[in-house]
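Student: Build me a structure from this.
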Amino acid sequence: MEKTLKKGLKKSDLKGFIRDIPNFPKDGIIFKDISTLLLDKGAFKKAIDLLAKNFKKAKIDKVVAVEARGFIFGSAIAYKIGAGFVPVRKKGKLPYRTKSITYQLEYGTDTLEMHEDAIKPKERVLVVDDLLATGGTVSAVCDLVKQQNAVIEGIVFLIELKFLKGKSRLQSYPIYSIIKY
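Tutor: Residues are numbered from 1 along each chain as shown. As a prediction, this is how the structure comes out:
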């Protein structure tokens, strides 16, 4: 996908940088590949600028992002708004003492962890992930952040799959996404 984001294009133009991969990771799924957006420095910069836009003056203390693609956007947003970065990983991937949460998947459960000292009570947090589908993972991350008595100021996604109604699980928080399907 060879495209160049020209100055002055709108956020809706970013959709053209997302590549559809049919039947991945299994039949019937159309995977939204963000690697093509990441390859284009103009599109990537525009995406980070738009995702950070509402939080530049919000005095966010920490940006919490979900592995792995969420790290790409979360760390760049943390840098852009002058906040610390907190990685949330699958069980057993972090080296220090952790807080964990187990949540329900379509078929089974999964566990996410973050370092127990990553967020202090009353810190202002922005949660970041690349894609909002059913909302289960980010809902679990929000519960993990709330266990630390922190304040979630918002949740941002590059992509939202509206037909999966993930926002309904996250109604307590301001949610921002820039590409919608």
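Student: Now the element after the helix or strand Arg89 falls within, going C-ward?
Tutor: Here Arg89 sits within strand 84-90, counting by DSSP states H and E. Going down the chain from strand 84-90, the next helix or strand is strand 98-105, by DSSP H and E.
Student: residue contacts, the residue nearest in space to the middle of the chain?
Tutor: In the chain, the residue lying closest to the centroid (C-alpha atoms, centre = their mean) is Asp129, at 1.0 Å. The contact partners of Asp129, taken as C-beta atoms under 8 Å, 6 or more residues apart in numbering, are Ala65, Val66, Arg69, Gly70, Phe73, Gly74, Thr137, Val138, Val141, Ile155, Phe157. The C-beta positions use only the backbone N, C-alpha and C, and glycine is treated the same way.
Student: Quick check: the third one vs Ala76, distance?
Tutor: Per C-beta to C-beta, to the nearest Å, Arg69 is found 12 Å from Ala76.
Student: again, but for the fourth one
Tutor: As judged by C-beta to C-beta, Gly70 and Ala76 stand 11 Å apart.
Student: Equivalent analysis for the second one, please.
Tutor: Here Val66 is placed at a distance of 15 Å from Ala76 (C-beta to C-beta).
Student: Please say which of these two ends up with more neighbours.
Tutor: Val66 (24 against 21; other C-beta atoms under 10 Å).
Student: can I assume the more buried one is in contact with Ala140?
Tutor: No: if you go by C-beta atoms under 8 Å, Val66 and Ala140 don't touch, sitting 9.1 Å apart.
Student: Mutual contacts of those two, please.
Tutor: Leu112.
Student: For the protein, which segments count as strands?
Tutor: 19-22, 30-33, 62-66, 84-90, 98-105, 108-115, 124-132, 151-160, 175-180 (DSSP state E).
Student: what sits up against the first one?
Tutor: Read it as strand 19-22. Met1, Ile30, Phe31, Lys32, Asp33, Ser35, Thr36.
Student: Then the fifth one?
Tutor: Contact with strand 98-105 is made by 91, 109-116, 136-137, 139-141, 143-144, 147-148, as judged by C-beta under 8 Å, 6+ apart.
Student: tally of neighbours for His115?
Tutor: His115, neighbours per other C-beta under 10 Å, totals 16.
Student: Now do the same for stretch 159-169: mean pLDDT, whole number.
Tutor: Average pLDDT, stretch 159-169: 96.
Student: With stretch 130-147 instead?
Tutor: The predicted confidence, averaged over stretch 130-147, sits at 96.
Student: do the same with stretch 39-50
Tutor: Stretch 39-50 comes out at a mean pLDDT of 95.
Student: How about stretch 104-118?
Tutor: Stretch 104-118 comes out at a mean pLDDT of 91.
Student: mind checking the end-to-end distance for it?
Tutor: For stretch 104-118, the first-to-last residue distance is 24 Å (C-alpha to C-alpha, to the nearest Å).
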